[in-house]
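> sequence first, predicted model second:
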Amino acid sequence: MKKILILLVTLALACNSSQKTVKESTADATAEVSEVIYGESITESELKEHLYTYASDEFEGRETGEPGQKKAIAYLKAEYEKLNIPAAKADGNYFQEVPLEISKLPIGKLVVNNKDFGIGEHVLTFSAANISTDEIVYVGYGIEDDSYSNYTDIDVNGKIILLKSGEPKNTDGSYKISGTAEPSIWSNMSESLSKRIQIASDKGAKGVLYYDLENFDRFKRRFESMKSNDSGRMQVVDSSAPEFYSLFIDDILAKELFASIETDETSKDISTNLQLNFESSNNKIASENVAAIIKGTEKPNEYLVISSHLDHIGISPNGDINNGADDDGSGTVALLEIAEAFKLAADAGNGPKRSIVFLHVTGEEKGLLGSQYYTDMDPIVPLANTVANLNIDMIGRIDPNREGERNYIYLIGSDKLSIELHNLSEEVNKKYSNIELDYTYNDENDPNRFYYRSDHYNFAKNNIPIIFYFNGTHDDYHKHTDTPDKINYDLLENRSRLIFYTAWEIANRANRITVDKPTE
């Protein structure tokens with residue numbers, strides 16, 4: 001980067017530039033180099049150079065836990081060492097070990113009142129489960145909300161609970177929770193299922209039997225696909241968590257457990273004998289996040305986390321290497337260039353006031369596992385002191401279904417938790433970039449549910465304001481044809497610079513971003 005350092009000196013000495021900030025004091029006048037100079041160190045050529053390596057066949061598609069992923073983390077570590085940006089962990093290790101395992105599909109059966117219900121037909125589960133109990137509690141919809149609860153005066157501690165999808169209605173057909181004809185989030189399976197399960201777990205239940213007639217076939221297709229591929233499910237190993245069972249059941253089994261399940265909302269104990277005997281073999285997987293940090297000059301104990309995922313989907317059964325140039329090679333190399341820009345600023349005495357963590361997470365393609373481990377089990381810096389997360393996942397291509405100028409970016413989540421962050425983002429873009437900010441996928445009714453499908457969500461669920469930068473999907477998504485030659489490097493440069501400027505404003509503003517729309 002010698003050419004950039006020379007440029008910095010030249011521009012710092014310039015006496016007339018619209019890309020320079022000048023501070024004056026009564027004693028003397030001193031020049032502070034503008035952040036634009038550092039932003040302009042993010043270039044097409046360097047992004048391209050990184051990506052042609054990172055998304056090459058040598059990295060074997062960066063499958064979580066496989067040799068290609070190990071090459072990816074070694075590359076990232078080497079780049080941060082070249083930049084002299086230290087590891088975020090206190091022990092100096094750039095790698096955060098993420099304990100994973102693949103649970104093979106279980107075999108066995110469920111018995112209710114001496115009747116056998118086979119796995120894969122009437123009941124679905126993706127992990128081992130062994131229990132015999134007469135203590136089943138029906139909790140209706142399994143909802144606990146400010147205005148409605150299925151858990152009032154019922155004890156579920158140590159018990160298996162039965163619940164159903166949906167939400168309660170009034171006699172006039174309106175929804176009790178919203179008070180209108182519009183359903184609440186409890187009617188959306190993608191948003192509410194994890195909430196129902198978490199509530200049950202927090203109340204000490206051993207597991208849930210979840211009845212959802214509308215989506216059972218969807219779960220079943222996934223089960224059958226995993227069975228035919230002999231794949232199993234990868235998940236984070238949490239040795240501190242109590243054992244908890246999640247089972248999905250069809251209408252035949254649901255009505256065997258409780259005949260009035262379709263019409264009855266009242267929570268109650270059920271006198272039914274239930275026996276689970278599902279056996280599964282688990283394979284341990286070694287994988288890692290990569291994290292580096294630039295310490296803040298004034299508020300070092302407040303942190304901005306900028307993230308991207310380092311993994312992809314590996315090699316297809318037919319031998320095709322899925323390079324993942326856009327997904328998420330584009331986000332990965334953008335993060336490296338953003339880190340370099342901040343390091344140039346720091347070396348010139350213009351380091352960020354707040355600390356910035358550059359976080360590359362593993363296992364995103366397996367279910368946001370690396371970010372889940374970081375936020376839920378082992379945050380390197382305190383979540384309470386994390387002011388925001390900017391997540392970069394696919395920013396190098398153009399959505400073929402989108403209408404409008406090519407110089408755009410989809411923004412998702414900027415206003416979900418903080419209107420202040422959203423306004424800051426808009427102002428930064430107007431000031432520096434003038435990229436078209438497209439909020440199509442920020443719509444609460446977006447059927448793609450992208451807000452829940454990348455690593456920012458694990459920060460958002462912890463009430464950390466986020467922005468998700470995304471170019472949309474394309475015909476090469478999750479295919480071996482997602483290659484570096486198809487990246488629009490001018491757009492990748494523009495989008496990376498926008499993220500840098502947004503990060504600059506967040507890191508250097510007087511007050512941390514306000515969370516004015518916290519979630520439960």
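Yes, it's here.

> next one: the residue nearest to the spatial centre of the chain relative to Phe470, how far apart?
Using CA atoms, centre = their mean, the residue of the chain that lies closest to the mean C-alpha position is Asp455, 1.6 Å off. For Asp455, the distance to Phe470 equals 12 Å [CB to CB, to the nearest Å]. C-betas here are computed from N, CA, C, even on glycine.

> shared neighbours, these two?
Asp393 (CB atoms under 8 Å, 6 or more residues apart in numbering).

> for Ala507, see how far away Ser147 is.
40 Å.

> do Gly92 as well
23 Å.

> what about Ser246, is that helix, strand or coil?
Using DSSP: H, G, I helix; E, B strand; the rest coil, the structure places Ser246 in strand.

> and Thr272, by the same measure?
strand.

> point to the helix or strand of this protein where mean pLDDT is at its lowest.
Least confident helix or strand of the chain, by mean pLDDT, DSSP states H and E, is strand 20-24 with a mean of 29.

> follow-up on the earlier one: of Gly92 and Ala507, give the one with the bigger neighbour count.
Ala507 (25 against 8; other CB atoms under 10 Å).

> list the buried residues of whatever helix or strand that one lives in.
Ala507 is part of helix 489-508 when elements are defined by DSSP states H and E. Neighbour counts over helix 489-508 (16 or more other CB atoms under 10 Å) mark 489, 491-508 as buried.

> one more: stretch 447-455?
Phe450, Tyr451, Tyr452, Arg453, Ser454, Asp455.

> restricting to C-alpha, output that stretch in CSV.
The C-alpha trace of stretch 447-455 is given here as CSV (Å, rounded to 0.1, in the frame of the first residue of the first chain):
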residue,chain,number,x,y,z
PRO,A,447,-41.7,-13.6,1.7
ASN,A,448,-38.0,-14.2,1.4
ARG,A,449,-37.5,-13.3,5.1
PHE,A,450,-33.9,-12.1,4.4
TYR,A,451,-33.9,-10.2,7.7
TYR,A,452,-33.7,-13.6,9.4
ARG,A,453,-31.3,-15.3,7.0
SER,A,454,-27.9,-13.8,7.6
ASP,A,455,-25.6,-13.2,10.5
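
> quick check: mean pLDDT of the helix or strand hosting Ala72?
Assigned by DSSP H and E, Ala72 belongs to helix 67-83. The average pLDDT within helix 67-83 is 98.

> contact partners of the helix or strand harbouring His422?
Per DSSP H and E: His422 is located in helix 419-428. By CB under 8 Å, 6+ apart, the surrounding residues in contact with helix 419-428 are 388, 411, 414-415, 437, 465, 467, 498, 501-502, 505-506, 509, 513-514, 516-517.

> measure the closest residue to the residue nearest to the centre of the chain other than its chain neighbours to Leu359 for me?
In this structure, Asp455 finds its nearest non-sequential neighbour in Ser371, 3.7 Å apart by CB to CB, 6 or more residues apart in numbering. Here Ser371 is placed at a distance of 8 Å from Leu359 (CB to CB).

> what's the pLDDT at His56?
That one is not His; residue 56 is Ser. For Ser56, pLDDT reads 98.

> I meant Ala27, not that one.
At Ala27, pLDDT is 31.

> wait, Asp327 touches His312, no?
Yes: shown here, Asp327 and His312 form a contact pair, counting by CB atoms under 8 Å, at 6.3 Å.

> now do the phi/psi pair for Ser308.
The phi and psi torsions at Ser308 (degrees, to the nearest 10) take the values phi -150, psi 160.

> any buried residues in stretch 416-436, and which?
In terms of neighbour count (16+ other CB under 10 Å), stretch 416-436 has its buried residues at 416-418, 420-422, 424-425, 428-429, 432-433, 435.

> turn those residues into CSV, columns for distance to Phe258.
Below are the buried residues of stretch 416-436 laid out as CSV (distance: CB to CB, whole Å):
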residue, distance to Phe258
Lys416, 37
Leu417, 38
Ser418, 43
Glu420, 47
Leu421, 45
His422, 45
Leu424, 51
Ser425, 49
Val428, 54
Asn429, 54
Tyr432, 59
Ser433, 57
Ile435, 54
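
> can I get the residues you listed in a markdown table including pLDDT and distance to Ile177?
Converted to a markdown table, the buried residues of stretch 416-436 look like this (pLDDT from 0 to 100; distance: CB to CB, whole Å):
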| residue | pLDDT | distance to Ile177 |
| --- | --- | --- |
| Lys416 | 96 | 19 |
| Leu417 | 97 | 21 |
| Ser418 | 97 | 24 |
| Glu420 | 97 | 28 |
| Leu421 | 98 | 27 |
| His422 | 98 | 26 |
| Leu424 | 98 | 32 |
| Ser425 | 98 | 31 |
| Val428 | 98 | 37 |
| Asn429 | 98 | 36 |
| Tyr432 | 97 | 42 |
| Ser433 | 97 | 41 |
| Ile435 | 98 | 38 |
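
> report the distance from the helix holding His422 to the chain centre.
Relative to the chain's own centre, helix 419-428 is displaced by 21 Å; criterion: CA atoms, centre = their mean, to the nearest Å.

> that older thread, hang on, the residue nearest to Asp455 is in a strand, isn't it?
No: counting by three-state DSSP, Ser371 is located in no strand; its state is helix.

> what's the closest non-adjacent residue to Thr481?
In space, Thr481 is closest to Asp475, 7.6 Å off (CB to CB, 6+ apart).

> Ala129 contacts Phe244, correct?
No: using CB under 8 Å, Ala129 is not in contact with Phe244; the gap is 9.5 Å.

> who has more neighbours out of those two?
Between Ala129 and Phe244, counting by other CB under 10 Å, Ala129 is the more crowded of the two (24 against 15).

> can you pull the pLDDT of the more buried one?
87.

> okay, it and Lys104: tell me how far apart.
Taking CB to CB, one finds Ala129 at 14 Å from Lys104.

> next one: Thr514
From Thr514 to Lys104 the distance is 46 Å (CB to CB).
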